[in-house]
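Trainee: The following block contains a protein sequence and its predicted model.
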Amino acid sequence: MLRVYNTLSREKEVFEPVEEGLVKMYVCGLTVQNYSHIGHIRSAINYDVIRRYLEYLGFEVQYISNFTDINEKIVLRAEEEGITPEELADKYAKAFLEDIKELNIRPADMYLRVSENIDEIIEMVQTLVEKGYAYEADGNVYFSVESFEDYGKLSGRTIEDMQAGARIEVKEDKRHPMDFALWKKVEPGKGWESPWGEGWPGWHIECSAMSMKRFGATFDIHGGGTDLIFPHHENEIAQSEAYSGKKFVKYWLHNGTVNLKGEKMSKSVGNFFTTREVLKHFSGEIVRYFLLSRHYGSPIDFSFEQLEEAETAYKRLSNTRKQLAGILTGHIGNNQENKEANNKFSRAIKIRQEEFEEAMDDDFNTARTIGVIHDFAGDINRFINRTGFELNEKNFSLLNEAEEVFMLLADVMGLEFSSAENYANDSELLNSLVDILLDLRESAREEKDWEKADLIRDRLKEVGIVVKDTPRGPKWEISSKLRDEEV
């Protein structure tokens, strides 16, 4: 039974979507003013795995994210680059989609843009004003936090605590220092027309308006980083529930930050690595593996040294995949069956899948899950070594089952083992080439050209292929020395 940690209740809860069999998930996306950094990518990877596991459990998942393409920083950055804000947003949105492809992150079903949802945002702001939750002041519209009784329920703080602990720019037109902007007045020609004059949306209103337009007043999962709990998600709850009169989100999930030397990675501070910088040194598979090696809710310290350690660990899994790919493209013989070993391995396959599900059911615990996959790889390696790389029908069937389960679990984690797949293709090519040479050798033997037949056998031996003549025809295998070098 899947249990998830809900930031709103501060407890792990049994996961039961609003509509049976369907999960609606909205995750805060990128402000498209620059290239993504590793903090952004961690969030994308975590929610990609959550989506994959929900699908593994049989749910249909509707996954929406957004691109914030309107704010002061985007306008300034566009001026620096000598392009329009629209061109800037297109450039960095495209770059983000290229980045996630390198990390095997499946794109969201929709990426909503603020600029394409202005009418919905204005309508929501108007309704909040009409209901008395918001007020206009000199072309700006603010949400009155004192008008919403439950303000602070997500972060667990009172308005007084928030005010005391926050650095707030106090504006004379605000009724309370904690009131936040729903609509911002801008210079003529830079915004959109509204009942309050020309302007553009505040930061928080965009996610509420866009998510409710697609999902309705209440949906299942809202995700984002822990740094968004306050004020962004707190304000989303206030304005959304004031607008609809209904519970906004059932489960609030928050991923931990990526830290550099103990401090949160941040563009505003300048202590960050872009995704593209990191991918120059490590493959997307390694970066993904590293970021999944901690529970999604915990912070993670980033360093190239830790990525090197992750690369070493990941190669152990990839080598197991290589061994499976190689041995399953070989020949099935008539070796004596070891029932005890077969039964033990059969149980191990089932146990590892159960352990995987137990870990993921415990609030998507990818750190534990990776440990389970490593244990499973150890089971596979020991079984292959016990067979002496010589298969009968039973252990071939078991290894085939193990491969299916191993890759099923890896797929939930988004681990592809691409180098191992290439190895599998190489193994098929090797099989074909050796079979052709053995056919030529058989033709030479039939013609009593013993010299040519021996030459083919000896040349194959030189490259590590051992040929054995049996009553049922020639058989071949890779020499143990060559196998050791490959693995």
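Mentor: Here it is on my side, so go on. Numbers count the residues shown, from 1 in each chain.
Trainee: Give me the below-cutoff pLDDT ranges for this protein.
Mentor: Within the chain, the ranges that satisfy pLDDT under 70 run 165-171, 268, 330-331, 333-336, 388-390, 418-429, 432, 472, 478-487.
Trainee: give me that answer again for 50
Mentor: Scanning the chain for pLDDT under 50 picks out 480-487.
Trainee: Give me the domain ranges for it.
Mentor: 3-301, 304-423, 425-486 (automatic domain parsing).
Trainee: Would you pull up how far the last one lies from the middle of the chain?
Mentor: Pointing back at domain 425-486 there. Between the centre of domain 425-486 and the centre of its chain there are 44 Å (C-alpha atoms, centre = their mean, to the nearest Å).
Trainee: returning to that earlier point: dump the domains of the chain to a markdown table, plus mean neighbour count.
Mentor: Where C-beta positions appear, they are placed from N, C-alpha and C, glycine not excepted. Conversion of the domains of the chain to a markdown table gives the following (neighbours: other C-beta atoms under 10 Å):
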| stretch | mean neighbour count |
| --- | --- |
| domain 3-301 | 18 |
| domain 304-423 | 17 |
| domain 425-486 | 13 |
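Trainee: Could you pull up phi and psi at Thr158?
Mentor: Backbone torsions of Thr158, given as degrees, to the nearest 10, read phi -80, psi 160.
Trainee: which secondary structure element contains the residue nearest to it when sequence neighbours are not counted?
Mentor: Nearest residue to Thr158 in three dimensions, chain neighbours excluded: Gly152, at 5.6 Å (C-beta to C-beta, 6 or more residues apart in numbering). Assigning secondary structure by DSSP states H and E places Gly152 outside every helix and strand.
Trainee: OK, contacts around Gly152?
Mentor: 158-159, 161-162, 234 (C-beta atoms under 8 Å, 6 or more residues apart in numbering).
Trainee: Then Ala377?
Mentor: 316-317, 320, 406.
Trainee: how far away is it from Ala402?
Mentor: 10 Å (C-beta to C-beta, to the nearest Å).
Trainee: State whether Gly132 and Glu146 are indeed in contact, as I suppose.
Mentor: No. Gly132 lies out of contact with Glu146 (C-beta atoms under 8 Å); the separation is 11.2 Å.
Trainee: from the contacts of Ala377, which ones fall inside helices?
Mentor: Taking DSSP state H, the ones among the contacts of Ala377 that sit in helices are 316-317, 320, 406.
Trainee: How far does the one helix or strand Gly39 maps to sit from its chain's centre?
Mentor: Assessed by DSSP H and E, Gly39 sits inside helix 38-56. Mean-position distance between helix 38-56 and its chain equals 3 Å (C-alpha atoms, centre = their mean).
Trainee: Please save the CA atoms from it in CSV.
Mentor: In CSV, the C-alpha atoms belonging to helix 38-56 read as follows (Å, rounded to 0.1, in the frame of the first residue of the first chain):
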residue,chain,number,x,y,z
ILE,A,38,21.1,20.7,-11.1
GLY,A,39,18.5,21.8,-8.5
HIS,A,40,15.9,22.2,-11.2
ILE,A,41,16.9,18.8,-12.6
ARG,A,42,16.6,17.0,-9.3
SER,A,43,13.0,18.1,-9.0
ALA,A,44,12.3,17.0,-12.5
ILE,A,45,13.9,13.6,-11.9
ASN,A,46,12.1,13.0,-8.6
TYR,A,47,8.7,13.7,-10.0
ASP,A,48,9.5,11.7,-13.1
VAL,A,49,10.1,8.6,-10.9
ILE,A,50,7.0,9.3,-8.9
ARG,A,51,5.0,9.4,-12.1
ARG,A,52,6.6,6.2,-13.4
TYR,A,53,5.9,4.3,-10.1
LEU,A,54,2.3,5.4,-10.1
GLU,A,55,2.0,4.1,-13.6
TYR,A,56,3.7,0.9,-12.5
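Trainee: would you turn the contacts of Gly152 into CSV with secondary structure?
Mentor: Shown next, in CSV, are the contacts of Gly152 (DSSP: H, G, I helix; E, B strand; the rest coil):
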residue, secondary structure
Thr158, coil
Ile159, helix
Asp161, helix
Met162, helix
Glu234, helix
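Trainee: Mind putting those into CSV with distance to Phe59?
Mentor: Output for those, formatted as CSV (distance: C-beta to C-beta, whole Å):
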residue, distance to Phe59
Thr158, 37
Ile159, 37
Asp161, 38
Met162, 36
Glu234, 28
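Trainee: ok, the residues you listed vs Val18, which is closest?
Mentor: Relative to Val18, the closest of these is Glu234; by C-beta to C-beta it sits at 21.6 Å.
Trainee: List the contacts of the closest one.
Mentor: 151-152, 154-155 are the contacts of Glu234 under C-beta under 8 Å, 6+ apart.
Trainee: any idea which of those is closest to Leu460?
Mentor: Leu154 (68.1 Å).
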